[in-house]
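Colleague: only geometry, no sequence info:
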């Protein structure tokens with residue numbers, strides 16, 4: 001085990017510690033932003049129209065909204081709470097600014113990778129679409145071995161995330177209700193099993209109910225906190241900007257840590273460039289690949305500019321003396337306690353964290369289902385992965401394992417590299433698809 005931990009730490013020190021992933025993600029975002037002529041801004045209004053248009057989806061495939069909810073469920077999860085807490089705890093308020101930068105640029109990357117996932121997706125014997133990086137690596141580049149590598153690194157990442165997310169739930173319930181981690185972990189695992197097992201996978205139907213509710217609930221409470229502390233907002237935003245480029249951080253040699261935390265946790269949260277979200281998006285029943293690409297691009301905006309920013313503001317609007325010396329989920333809970341009172345604050349964080357994390361667990365199980373199908377369509381393989389996922393949920397809930405954070409980071413880095421190794425050479429196909437879609441829209445707007 002010691003050798004494995006040393007290997008994971010060594011690889012992370014190269015991929016993350018040497019800023020290789022930072023450079024790759026920033027370069028990818030800038031490249032795709034300019035090559036698509038700022039698709040994330042030009043089509044922002046159209047994205048909202050696509051998302052809110054009622055879908056006549058009578059097939060076994062997902063509706064565009066369901067695909068959006070699955071990918072949003074994994075984005076709007078632990079990364080929006082634990083990830084933001086980690087970024088601010090280590091990198092300070094300035095890390096938030098770099099999360100915004102990653103989200104803005106990453107939304108263009110999300111568009112390209114998702115569009116490719118729909119162009120190169122496949123259909124099974126039941127008429128269901130399924131796709132993702134492993135499929136466009138095989139069908140677009142003829143590199144099936146790369147697709148297999150993506151599946152393996154994806155499972156490594158998701159194994160870590162499942163444990164981290166599960167532990168976040170049990171920890172918060174222990175603080176709020178004094179419930180044992182063993183009991184909470186058992187209930188969480190059972191609930192997940194009831195949804196992912198059975199004659200039909202109920203993940204999509206459950207998530208298109210949970211995601212809107214949890215988003216509205218969370219943002220309503222945060223909006224109340226912001227209104228309550230409205231006069232402090234200018235100083236908070238000033239702090240974010242000043243610490244992002246601050247002289248104090250530069251002199252102290254910590255500006256790199258600020259940027260690193262913002263980028264790393266921003267990626268962990270919005271997933272742009274990792275290839276995860278396209279695994280759900282490719283199952284959507286849409287008339288054109290670009291439509292779902294635009295919807296997934298919007299998902300990155302929602303994740304970071306709305307949910308992550310909301311979390312950051314709650315923490316930064318908290319009196320520093322109330323959270324001095326704290327870190328992790330305890331820091332977030334004490335921040336909500338400061339604004340809402342100790343009893344309601346702890347209960348609210350426990351409930352919202354459960355919704356966020358449970359939706360993430362279900363979303364990851366869906367991703368795994370798609371990627372296992374790339375390897376084989378045998379039912380035993382699907383059952384094996386589901387059991388593996390449930391074991392990760394249960395084990396993670398019982399005991400915190402910092403090694404799993406590092407494992408998730410490593411898997412995330414490797415997924416990103418493999419995914420982008422396919423996205424770049426195939427990107428011209430996505431650009432041409434966007435041009436064709438845009439030309440189709442012009443006559444419609446002229447009517």
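Modeller: Thanks, I have the structure now. Given the structure is predicted, the values throughout are model-derived calculations rather than measurements.

Colleague: Which residue ranges of the stretch 51-200 of the chain form helices?
Modeller: Using DSSP state H, counting those that start in this stretch, the helices of the stretch 51-200 of the chain run over residues 64-75, 78, 84-91, 94-119, 133-139, 144-177, 181-196.

Colleague: Can I get these in a markdown table including distance to residue 417, mean neighbour count and mean pLDDT?
Modeller: Quick note: C-beta positions are derived from backbone N, CA and C, even for glycine. Shown next, in a markdown table, are the helices of the stretch 51-200 of the chain (distance: least, CB to CB, whole Å; neighbours: other CB atoms under 10 Å; pLDDT from 0 to 100):
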| stretch | distance to residue 417 | mean neighbour count | mean pLDDT |
| --- | --- | --- | --- |
| helix 64-75 | 20 | 27 | 69 |
| helix 78 | 23 | 27 | 58 |
| helix 84-91 | 22 | 24 | 71 |
| helix 94-119 | 13 | 28 | 88 |
| helix 133-139 | 11 | 27 | 92 |
| helix 144-177 | 9 | 23 | 84 |
| helix 181-196 | 29 | 18 | 86 |
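
Colleague: To residue 345, which of the ones you listed lies closest?
Modeller: helix 144-177 (8.9 Å; CB to CB).

Colleague: now stretch 403-414, how far from the centre of its chain.
Modeller: Computed by CA atoms, centre = their mean, to the nearest Å, the separation of stretch 403-414 from the middle of its chain amounts to 14 Å.

Colleague: Low-confidence stretches in this structure?
Modeller: Within the chain, the stretches with pLDDT under 70 are 1, 53-64, 71-83, 86, 89-91, 198-201, 246-269, 322-330, 401, 442-447.

Colleague: in it, which spans are strands?
Modeller: 122-123, 129-130 (DSSP state E).

Colleague: Run a quick neighbour tally on residue 299.
Modeller: For residue 299, the neighbour count with other CB atoms under 10 Å is 29.

Colleague: Distance check, it against residue 25.
Modeller: Distance from residue 299 to residue 25, counting by CB to CB, to the nearest Å: 17 Å.

Colleague: nearest residue to residue 412 other than its sequence neighbours?
Modeller: Leaving aside its chain neighbours, residue 412 sits nearest to residue 157 (5.0 Å; criterion: CB to CB, 6 or more residues apart in numbering).

Colleague: same check, this time on residue 276
Modeller: The shortest distance from residue 276 to any non-neighbouring residue, by CB to CB, 6+ apart, is to residue 367 (5.8 Å).

Colleague: Likewise for residue 239?
Modeller: Among residues not flanking residue 239 along the chain, residue 93 sits closest, at 4.7 Å (CB to CB, 6+ apart).

Colleague: one step back: which of the strands of the chain sits closest to residue 207?
Modeller: Nearest of the strands of the chain (CB to CB): strand 129-130, 16.9 Å.

Colleague: picking up where we left off before, mind putting the helices of the stretch 51-200 of the chain in TSV, distance to residue 334 included?
Modeller: Formatted as TSV, these follow (distance: least, CB to CB, whole Å):
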stretch	distance to residue 334
helix 64-75	25
helix 78	18
helix 84-91	11
helix 94-119	19
helix 133-139	39
helix 144-177	10
helix 181-196	20
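
Colleague: out of those helices, which comes closest to residue 321?
Modeller: helix 84-91 (16.2 Å).

Colleague: Go ahead and confirm the residue nearest to residue 276 touches residue 159.
Modeller: No - using CB atoms under 8 Å, residue 367 is not in contact with residue 159, being 11.9 Å away.

Colleague: Now do the contacts for the nearest residue to residue 153 once chain neighbours are set aside.
Modeller: Once flanking residues are discounted, residue 153 sits nearest to residue 414: 3.9 Å by CB to CB, 6+ apart. Listed by CB atoms under 8 Å, 6 or more residues apart in numbering, the contact set of residue 414 reads 15, 149, 153, 156, 157.

Colleague: Identify the residue nearest the first one in space, chain neighbours excluded?
Modeller: To tie it back to what came earlier, the one meant is residue 15. Using CB to CB, 6+ apart and skipping the chain neighbours, the partner closest in space to residue 15 is residue 413 (4.2 Å).

Colleague: count of residues packed around the residue nearest to residue 239?
Modeller: For residue 93, using other CB under 10 Å, the count is 22.

Colleague: so what's the nearest residue to residue 191 once chain neighbours are set aside up against?
Modeller: Leaving aside its chain neighbours, residue 191 sits nearest to residue 358 (7.1 Å; criterion: CB to CB, 6+ apart). If a contact means CB under 8 Å, 6+ apart, then residue 358 has 169, 188, 191, 192, 210 as its contacts.

Colleague: Could you measure from the residue nearest to residue 412 over to residue 408?
Modeller: 5 Å.

Colleague: what about the helices in the stretch 201-350 of the chain?
Modeller: Using DSSP H, counting those that start in this stretch, helices in the stretch 201-350 of the chain cover 203-228, 233-245, 247-251, 255-270, 277-281, 289-301, 309-316, 328-340, 342-375.
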